[in-house]
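In: Sequence unavailable; structure follows:
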């Protein structure tokens, strides 16, 4: 598990939460940074849902960042040395993107020991990668 940071905060039910991982602390900042750099908007509270505990969301998963007409992005952050992308993650962001006719993406940010971004990678469908490479090679010819 990632390093814990003492940061008092009040949960929605009024209980004090004493410790947040570096990843949880960084997550909103990552989403804001992505939205700003990519010209998109941050989608609020995508991980929250009244029925989330039972595994049933009461609304479709919308992704953390939306670049209108271009991409739907799920942002992940970790202080671990590795991160597993699951089929469930891919399916959730893909289903949200298909409904909006945009490219699905998962952006993973790796944090250093101090909680600062160290490396950032994106997982996109091969079709989107082929399109990107096609446009890049077309522009250089």
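Out: Right, received. Where do you want to start? Since the structure is predicted, the reported quantities are computational estimates derived from the model, not experimental observations.

In: Can you list the strands that the host helix or strand of residue 77 pairs with?
Out: Element membership of residue 77, judged by DSSP states H and E, is strand 71-78. With DSSP bridges as the test, strand 71-78 is paired with strand 65-67 (antiparallel), strand 103-111 (parallel).

In: Low-confidence regions, this structure specifically.
Out: Where the chain drops to pLDDT under 70, the residues are 1-18, 45-61, 139, 141.

In: ok so, going back, with mean neighbour count as added columns, please give the strands paired with strand 71-78 in TSV.
Out: From N, CA and C alone the C-beta is placed, and that goes for glycine too. Formatted as TSV, the strands paired with strand 71-78 follow (neighbours: other CB atoms under 10 Å):
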stretch	mean neighbour count
strand 65-67	22
strand 103-111	21
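
In: Which one of these lies nearest to residue 123?
Out: Minimum separation from residue 123 across the strands paired with strand 71-78 (CB to CB) falls at strand 103-111, 4.3 Å.

In: Just checking: what are the partner strands of the helix or strand following that closest one?
Out: As assigned by DSSP H and E, the chain's next helix or strand after strand 103-111 is strand 117-123. Partner strands and pairing direction for strand 117-123 (DSSP bridges) are strand 103-111 (antiparallel).
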